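Engineer: Below is the sequence, then the predicted model.
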Amino acid sequence: MTIGGGWSGLSRFALAIAVGLCASAGCGDSSSTGGGGAGAASSTGGTDATGGAGGMASSGGAPSTGGAPGECPGEGAEITTLSACADQTASPIAAALGCVPAVDGTLHEDEWSDGSCELAGDMTLSVKHDADTLYIAASGQPSCGCPMFFYFDPTMGTSPDGDEFAIGLFDDPFNPDGDRVDQVNSGGAWVNGEAPPGIVTLCPGNQPSPIRYEISIPYSALGLVAGQEGDIGFALVHAGAVWPGGLSVDQGGQPDDLSTFGAITGSW
Ligand SMILES: [Ca+2]
Ligand SMILES: [Ca+2]
């Protein structure tokens, strides 16, 4: 519990204040986008294939390029956990080209069964992409009342060059956006800051168990260009469990060596 201890009630309260200030100051459009999506999800039960008002699918996410899959059917029963993966704990994750999910916080089997399944630490992931967006679904057990941090290093350097960012999502969130807190790497230290715009994170809210998320990240936030080669540095930390297995973390549980990040690859 050395990691979880760092996210005590006081820390969480401080985080909530920081996030609240950020939202009220309008320092990022992700929270407002997430709110719109959450409203749509709660009013429609999450089965709206159009993605609702805040959904990525209705805002240009549907690929128009030849041969690319369209929107996922979004039919069938809701699932609360992703299907179990085979043992794939090693880097890289090869993101599959898949149908466009409605990123509304509600998982459906037919939205995520075509993603690349990865057991990352104590969280199961499904990772895929369309013509302009990377999609990640995550499910697991709430275990610490702390955030799980998704770390990204678009340029995959061995030392920080200013483009690294992290998305922190609590495993017992009150809000549909996961009580999200963003961090950036500043000279090797992870500090609260703004992730690139356009990232949406949604869960059912009200401390769902199992905890599960749908996340969309536009290529622009990751330095990706459709049709061009490019790997993304990636790491995940939750309650002391890390991905990839060799990720180096400091005493606070945060990555301290970018060269130990894993990677997400894809035919963007
Ligand atoms: Ca969904
Ligand atoms: Ca970098």
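Structural biologist: Done, it's in. Ligands and ions are numbered 1, 2, ... in the order given.
Engineer: Quick check: buried residues in stretch 152-168?
Structural biologist: Buried positions in stretch 152-168, judged by neighbour count with 16 or more other C-beta atoms under 10 Å: Phe152, Asp153, Pro154, Thr155, Met156, Pro160, Asp163, Glu164, Phe165, Ala166, Ile167, Gly168. Glycine gets a C-beta too; all of them are placed from N, C-alpha and C.
Engineer: The fifth one and Ala77, how far apart?
Structural biologist: With distances defined as C-beta to C-beta, to the nearest Å, the gap from Met156 to Ala77 amounts to 38 Å.
Engineer: Name the residues of stretch 83-92 that come out as buried.
Structural biologist: Of the residues in stretch 83-92, Ser91, Pro92 count as buried by neighbour count, 16+ other C-beta under 10 Å.
Engineer: Name the nearest residue to the residue of the chain found nearest ligand 2, ignoring sequence neighbours.
Structural biologist: For the chain and ligand 2, the shortest gap (C-beta to the ion) falls at Thr155, measuring 3.7 Å. In space, and not counting its chain neighbours, Thr155 is closest to Asp163: 5.5 Å by C-beta to C-beta, 6 or more residues apart in numbering.
Engineer: Next: Glu164.
Structural biologist: Asn185 (3.8 Å).
Engineer: Name the residues linked to that neighbour by a beta bridge.
Structural biologist: Under DSSP bridges, the beta-bridge partners of Asn185 are Trp190.
Engineer: For this protein, which segments count as helices?
Structural biologist: In the chain, the segments counted as helices under DSSP state H are 9-25, 30-44, 109-112, 219-222.
Engineer: What average pLDDT does stretch 131-142 get?
Structural biologist: Stretch 131-142 carries an average pLDDT of 97.
Engineer: quick one: buried residues of it?
Structural biologist: Quick answer for stretch 131-142 (16+ other C-beta under 10 Å): Ala131, Asp132, Thr133, Leu134, Tyr135, Ile136, Ala137, Ala138, Ser139, Gly140, Pro142.
Engineer: ok, the second one to ligand 1 distance?
Structural biologist: The one in question is Asp132. Plainly put, Asp132 is 18 Å away from ligand 1 if you go by C-beta to the ion, to the nearest Å.
Engineer: who touches the residue nearest to that residue when sequence neighbours are not counted in this structure?
Structural biologist: Nearest non-adjacent residue to Asp132, counting by C-beta to C-beta, 6+ apart: Tyr219, 5.2 Å away. Going by C-beta atoms under 8 Å, 6 or more residues apart in numbering, Tyr219 touches Asp132, Thr133, Leu134, Val225, Ala226, Trp268.
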